[in-house]
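Enquirer: Sequence and predicted structure are below.
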Amino acid sequence: MTIDKSKELKTSIQLVNQKLHFEGKADGNNPVSIDYTPPLGDNLGYTSLELFLLSLSSCTGSALLVILRKMEKNIDFFEVISNGYRRAEHPTGFNKINIQVNLKSGNISSQDMTKAIDLIKDICPVLSMLDAKIKVVIEFKIAV
C-alpha cells in the first residue's frame, strides 16, 4: 500500500504539567492548550471534546461557505454553534450533536441552505467520520 504524503497530517502534543495539561501543535501553527477538568486536570485549555466540536463546526462551516459561494450567494454574517450531548456511560463521548448555522444574507433561501446542508455530508471529512450512532442535527436561521 502506497501512502500519499500530501494526504498526511501530523500533530504532536507535549505534557506541560504533572496532571493532564498538554500543548498541541500541527504543522507549524500556533500551539493550542489542551487540558481536562479538575481533579484530573486544571482546566487550563480546551478539552478534547471541545476541540472535536470546534473541528466539526469549522469543517461544517467551511463546506457550507464553499457551496454557498459557488452558488453565488452573498454572506454578510456567518456563525456555527455546536452543542454536543454526552453519553452517561463510559466512554462518555457524544451520542447527539446539534449544529446551528446562523447567517445573514439578502439572497439565500431556505431551499438553498437545505441543498447546501445535504451536499456537505459528502465533503466535510469530520462530519463523514462520525459513527452512525451519533445523531447529528443541522439547523439554520437566515437573517435578511
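Expert: Okay, I see it. Residues are numbered from 1 along each chain as shown.
Enquirer: Run through who's touching stretch 99-118.
Expert: Residues outside stretch 99-118 that contact it (C-beta atoms under 8 Å, 6 or more residues apart in numbering) are 56-57, 60-61, 64, 67-68, 71, 73-83, 136-144. No exception for glycine: its C-beta is placed from N, CA and C like everyone else's.
Enquirer: mind listing what the spatially most central residue of the chain touches?
Expert: Centroid-nearest residue in the chain, with C-alpha atoms, centre = their mean: residue 56, separated by 1.6 Å. Residue 56 makes contacts with 82, 97, 99, 126, 127, 130, as judged by C-beta under 8 Å, 6+ apart.
Enquirer: 7 Å instead?
Expert: By C-beta atoms under 7 Å, 6 or more residues apart in numbering, the contact list for residue 56 reads 82, 97, 126, 127.
Enquirer: again, but for residue 94
Expert: 84, 85, 86, 134.
Enquirer: again, only using 8 Å
Expert: Counted by C-beta under 8 Å, 6+ apart, residue 94 has contacts 49, 52, 84, 85, 86, 87, 134.
Enquirer: Also residue 38?
Expert: Contacts of residue 38 (C-beta under 8 Å, 6+ apart): none.
Enquirer: Kindly indicate whether residue 142 is helix, strand or coil.
Expert: Following DSSP: H, G, I helix; E, B strand; the rest coil, we place residue 142 in the strand state.
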